[in-house]
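Visitor: Have a look at this prediction, sequence included:
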Amino acid sequence: DSIHQTIRRLPALAAAGAIIAALVALLALICFALVTAGGILAVVGVVGTVVATVVLLVLATFLIPVAVREDIPVTLMLARTWELARPRWRAIIGLLFLLGLSVGAIHALVRGGIQGGFTGSASTVSHAVLGIFIADAVPSVLLTPLSVSVLTIAYFDMRRVRGDTLDDRSAAPRASLPTG
């Protein structure tokens, strides 16, 4: 049942991801234009881009659990993620920082060990390339489920803190979001 629901919600998740990707691209263009202009506009562009990127990162944190768990349209999904994240955005930034730091450190350690085994005895370029590929793939395969699990647990915790009922998929979110 959960796999069927996830597959059914994939188009909505892809659309929400595309909206966030488009916003990131727009931010990058604006930042580039302001940095190119130079002077104070460059500083404003960089600071504004950093702030907007943090806002988008917080917005995207619960996108996957909301897309799969709550049966709401794409535009309301983004509003729902913001509604969940806004009261505790500092805690979410801290969680994302610590998660990124720990996953990055583990990834670097595993990659270094695997890649060192391949390149230390690599007699050809193909062995070295294979070693680099495996050294990147193995930690990613191992650590991606960990990252998604941590963010999903945080999603359910945010719902619990807000007092949302966790057994009903759509009643609580729809009651708190504007209709129309």
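Guide: Thanks, I have it.

Visitor: which helices and strands does the longest helix along the chain pack with?
Guide: Using DSSP state H to define each element, the chain has its longest helix at helix 125-162. Other helices and strands packing on helix 125-162, by 3 or more Cβ pairs under 8 Å, 6 or more residues apart in numbering; DSSP states H and E, are helix 39-61, helix 63-69, helix 74-85, helix 89-119. For every residue, glycine as well, the C-beta is placed using N, CA and C.

Visitor: quick one, it and helix 89-119 angle?
Guide: 160 degrees (axes from the mean of the first three to the mean of the last three Cα atoms, to 10 degrees).

Visitor: Could you check how far helix 125-162 is from the centre of its chain?
Guide: 11 Å (Cα atoms, centre = their mean, to the nearest Å).

Visitor: buried set for it?
Guide: 131, 132, 135, 139, 143, 150, 151, 154, 155, 158, 159 (16 or more other Cβ atoms under 10 Å).

Visitor: same deal with stretch 26-34?
Guide: Here stretch 26-34 shows 27, 31, 34 as buried, counting by 16+ other Cβ under 10 Å.

Visitor: quick one, phi/psi of the first one?
Guide: This means residue 27. phi -60, psi -40 (degrees, to the nearest 10).

Visitor: Would you check how far apart it and residue 65 are?
Guide: Distance, residue 27 to residue 65, by Cβ to Cβ, to the nearest Å: 24 Å.

Visitor: Same check on residue 59?
Guide: 13 Å.

Visitor: What of residue 140?
Guide: From residue 140 to residue 65 the distance is 21 Å (Cβ to Cβ).

Visitor: what's next to stretch 44-53, contact-wise?
Guide: 23, 24, 27, 28, 30, 31, 32, 33, 34, 35, 37 (Cβ atoms under 8 Å, 6 or more residues apart in numbering).
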